[in-house]
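Student: Fold the stuff below for me.
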Amino acid sequence: MKPVIALILNIQNVDFGVLKRMLYSMQVAAILSFAAACSAGGVVVLFERDVYFCRKDPHLPCGKFEVATAFAFLSCACSAASALVMFWLLASL
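Tutor: Numbering: from 1, shown residues only. Sure thing, here's the model as predicted:
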């Protein structure tokens, strides 16, 4: 059974070393994305609840900070799902 990527790209021989490197790089990217989302969440909590920047300076776009943090966590979840699918693809070969 040929992998889906080999069928799409019409490749006859699949190099499993390349697939493993892609899997590892996707897992590292998912972990780094989660770390960035957590640090963004920490900054939002710092601004909102600890130092009250959003109450003192109403011109700061605090709502946009929160939305950006939510999208960072969504991006992290998508990259983790992609890494899981890649792991599943490699394990099925």
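Student: in this protein, which spans are helices?
Tutor: For the chain, the helices defined by DSSP state H cover 4-9, 16-45, 53-56, 62-92.
Student: And the pLDDT for V85?
Tutor: Among the per-residue scores, V85 shows a pLDDT of 86.
Student: Tell me how far it lies from A30.
Tutor: V85 sits at a distance of 11 Å from A30 (criterion: Cβ to Cβ, to the nearest Å). Bear in mind the C-beta positions are built from the backbone N, C-alpha and C, glycine included.
Student: ok, now M22?
Tutor: With Cβ to Cβ as the criterion, M22 and A30 are 13 Å apart.
Student: out of the two, which sits in the busier spot?
Tutor: Set side by side, M22 and A30 show more neighbours around A30, with 20 against 15, by other Cβ atoms under 10 Å.
Student: Look up how far A36 lies from the more buried one.
Tutor: Following Cβ to Cβ, the distance that separates A30 from A36 is 11 Å.
Student: Find the residues that touch each one of these two.
Tutor: C76 (Cβ atoms under 8 Å, 6 or more residues apart in numbering).
Student: Just give the number of residues close to the closest residue to K20 other than its chain neighbours.
Tutor: The spatial neighbour of K20 that comes closest, neighbours along the chain excluded (Cβ to Cβ, 6 or more residues apart in numbering), is L90 at 6.7 Å. Applying other Cβ under 10 Å, we find 14 residues neighbouring L90.
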